[in-house]
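**Q** Model the following, please.
(2 chains)
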Amino acid sequence: MNITRGFTGRPRVDHPGLPPGQYDAGDEWPVLSAEVTPDLAPADWTFRIDGLVADPRTWDWEQAHALPASAYEGAIHCVTGWSKFGVRFGGVCLDTFMDLVRPDGSATHAVAYSHTGYTANLPLADLTGGRAWIVWEYDGRPIPSEHGGPARLIVPHLYFWKSVKWIAGLRILDHDEPGFWEGNGYHARGNPWEEQRYSGD
Amino acid sequence: MPGRIGVGRQAASVWRTATLTEIRRETPRAATFRFAVPGWPGHVPGQHLLLRLTAEDGYVAQRHYSIASAPDDSRYLELTLDHVAGGEVSGWFHSVARPGDRVEVRGPLSGFFAWPGDRPALLLGAGSGVVPLMSMVRHHRTRGLSLPLRLLVSARSPEELIYRGELGAETLPVFTRSAPEGVAVGRMAAAHVAPLLAEAPEDGWEAYVCGSNSFAEHASRLLVAAGQPVDRIRIERFG
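**A** Numbers count the residues shown, from 1 in each chain, chains lettered A, B, ... in the order given. Have a look, this model is predicted:
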């Protein structure tokens, strides 16, 4: 351990939900996006799942809202170091969409992509089993565009760069294919509890 | 949108000891910290690093900081840090740190906001958002590059303009609170951006925007409104 002379850190209580190397952002919700925030109206939003599935489909705003509602309440973790507790997102569980398109037995991964062209790769196992959602509400209100509204993916058990803003679709694959940040030096999976921040971690 | 450079898988996974060699005041709120980092693999302007401080009880604080220095001398690295109110890490740097202190760094990180000096660059920054852009300006100078590079930088006042004495003919400063005699006070506007787009090089600019989120939103919208393609705007938001 390399002690930094005179560094004590801010007063802290150990938070059992805080992964290593993270700090509690409190009420802050920093915006991190490398792109220009798009002007995307709900009426222009669509979500598609295709690739290795039996029944590729596209949902528009109303069709997606007609699916059974689901919510996530808990923590989110950004690779830049902040974690945020007690967040509430409302939308539809990704399992609901997946059950309708029926992925092939050979499917192992997905590339999630946005209406702006941003991509993130994910193992299918991280997108199913009640661990991922397509959401349009934050704290009971529409998600602001700079936070990915009108609708975004959330995969809260992974670093938040996987939770693609302005989600447009999932391409189901039988192999892993690096997304935007994964091709720019970030880790392929991004599990905060194992500090999978950068390639090589 | 593709990254600008390839990123090595291993170089960034190693923590290295950085020894503080010099502290230079830039503005009342910002100072530059110069480090010797043996084994530093070198960086491309625009890249950042992860910095780690460790308390005696094992508590660790990590932050990302943009690199300010040009890559030409790999023996040292410079970071310019704002003193953030209540800042855990910036507070240590501004109140405790002195030459000889050691911290840990890993990097350089990310191939996205990097500028290797290969395309005309239009740089828009505000406050400490000028830091990675200054690495690009310094790179342009030390290499004697002739391709176009312009910097539009916003600060509250001349006293708060980081690197004030170093900015040259490539730079147009914009002041939001107080300005020198004869210079307008106001927010960065279309009138600043449009002329730069009008005089764009033949294949256009690669635009780099860095600052607070509100500045990044504002500046990127100005660029789009002035005709800059969205896929040639790279944004680094400081939270």
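
**Q** and residue 97, helix, strand or coil?
**A** Using chain A. Following DSSP: H, G, I helix; E, B strand; the rest coil, residue A:97 is assigned to helix.

**Q** please go with chain B instead
**A** Under three-state DSSP, the three-state class of residue B:97 is coil.

**Q** Tell me how far the nearest residue to it once chain neighbours are set aside lies from chain A.
**A** Ranked by Cβ to Cβ, 6 or more residues apart in numbering or on different chains and with sequence neighbours excluded, the top spatial neighbour of residue B:97 is residue B:20, at 5.9 Å. No exception for glycine: its C-beta is placed from N, CA and C like everyone else's. Separation of residue B:20 from chain A (Cβ to the nearest Cβ, to the nearest Å): 10 Å.

**Q** Determine which residue lies closest to the centroid of chain A.
**A** Nearest to the mean C-alpha position of chain A, counting by Cα atoms, centre = their mean, stands residue A:163 at 1.4 Å.

**Q** and the gap between it and residue A:116?
**A** Separation of residue A:163 from residue A:116 (Cβ to Cβ, to the nearest Å) stands at 14 Å.

**Q** Same check on residue A:57?
**A** Distance, residue A:57 to residue A:116, using Cβ to Cβ: 22 Å.

**Q** before we move on, back to that, in the sheet, who's paired with the residue nearest to residue B:97?
**A** Residue B:20 has these beta-bridge partners by DSSP bridges: residue B:35.

**Q** show me the contacts for residue A:182.
**A** Residue A:182 sits next to A:120-121, A:188, A:199 when contact means Cβ atoms under 8 Å, 6 or more residues apart in numbering or on different chains.

**Q** was I right about the residue nearest to the centre of chain A contacting residue A:147?
**A** No - between residue A:163 and residue A:147 there is no contact under Cβ atoms under 8 Å: 10.0 Å.

**Q** For chain B, what's the nearest residue on chain A?
**A** Here chain A gets closest to chain B at one residue, residue A:200, 3.1 Å apart by Cβ to the nearest Cβ.

**Q** pLDDT score assigned to that residue?
**A** We have a pLDDT of 82 for residue A:200.

**Q** what about it, is that helix, strand or coil?
**A** coil.

**Q** Leaving out chain neighbours, which residue sits closest to it?
**A** residue B:13 (3.1 Å).

**Q** pretty sure that neighbour contacts residue A:197?
**A** No - with contact defined as Cβ under 8 Å, residue B:13 does not reach residue A:197; the gap is 9.2 Å.

**Q** Between the two, which has more neighbouring residues?
**A** Legend: neighbour count by other Cβ atoms under 10 Å in any protein chain shown for residue B:13 and residue A:197, higher for residue A:197 (24 against 16).

**Q** Distance of the residue nearest to that one when sequence neighbours are not counted relative to residue A:195?
**A** Leaving aside its sequence neighbours, residue A:197 sits nearest to residue A:79 (Cβ to Cβ, 6+ apart; 5.2 Å). As defined by Cβ to Cβ, residue A:79 lies at a distance of 9 Å from residue A:195.

**Q** out of these two, which sits in the busier spot?
**A** Between residue A:79 and residue A:195, residue A:79 has the larger neighbour count (other Cβ under 10 Å), namely 25 against 17.

**Q** quick one: contacts for that one?
**A** So residue A:79 contacts A:159-161, A:186, A:190, A:192, A:197 (Cβ under 8 Å, 6+ apart).

**Q** Swap in 10 Å and give it another go.
**A** Shown in contact with residue A:79 (Cβ atoms under 10 Å, 6 or more residues apart in numbering or on different chains): A:21-22, A:32, A:158-162, A:181, A:186-187, A:190, A:192, A:195-198, B:50, B:64, B:109.

**Q** Show me the strands in chain A, by range?
**A** Along chain A, the segments classed as strands by DSSP state E run A:23-24, A:46-51, A:57-60, A:70-77, A:82-93, A:109-114, A:119-123, A:133-138, A:141-142, A:152-154, A:167-173.

**Q** I'd like those laid out as CSV, including mean pLDDT.
**A** Shown next, in CSV, are those (pLDDT from 0 to 100):
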stretch, mean pLDDT
strand A:23-24, 90
strand A:46-51, 98
strand A:57-60, 98
strand A:70-77, 98
strand A:82-93, 97
strand A:109-114, 98
strand A:119-123, 98
strand A:133-138, 98
strand A:141-142, 98
strand A:152-154, 98
strand A:167-173, 98
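
**Q** Give me whichever of those is most buried.
**A** Among these, strand A:152-154 has the highest mean neighbour count (mean count of other Cβ atoms under 10 Å in any protein chain shown), at a mean of 25.

**Q** in its sheet, what does it sit against?
**A** Here strand A:152-154 has these sheet partners by DSSP bridges: strand A:133-138 (antiparallel).

**Q** Thought residue B:125 was touching residue B:46, still the case?
**A** No - using Cβ atoms under 10 Å, residue B:46 makes no contact with residue B:125, being 11.3 Å away.

**Q** Between the two, which contacts overlap?
**A** Counting by Cβ under 10 Å, 6+ apart, the residues touching both residue B:46 and residue B:125 are B:131-133, B:208, B:210, B:236.

**Q** quick one on the thing from earlier: anything in contact with each of residue B:13 and residue A:197?
**A** Common contacts of residue B:13 and residue A:197, defined by Cβ under 10 Å, 6+ apart, comprise A:185, A:187, B:106.

**Q** Can you tell me, leaving aside adjacent residues, what's nearest to the first one?
**A** Leaving aside its sequence neighbours, residue A:185 sits nearest to residue B:7 (Cβ to Cβ, 6+ apart; 3.6 Å).

**Q** Counting neighbours, what do you get for that neighbour?
**A** The tally of other residues near residue B:7 (other Cβ under 10 Å) stands at 22.

**Q** show me the contacts for it.
**A** Listed by Cβ under 10 Å, 6+ apart, the contact set of residue B:7 reads A:183-186, A:198-200, B:44, B:47, B:108-112, B:114.

**Q** so which helix or strand takes in it?
**A** Per DSSP states H and E, residue B:7 falls between elements, in no helix or strand.

**Q** hang on, the earlier thing: which of the contacts of residue B:7 count as buried?
**A** Neighbour counting by 16 or more other Cβ atoms under 10 Å in any protein chain shown classes A:183-186, A:198-200, B:44, B:47, B:108-112, B:114 among those as buried.

**Q** Just the ones in helices from those residues, please.
**A** Nothing among those maps onto helices, per DSSP state H.

**Q** quick one: which of those is nearest residue B:28?
**A** Within the buried ones among the contacts of residue B:7, the smallest distance to residue B:28 is 27.7 Å, found for residue B:47 (Cβ to Cβ).
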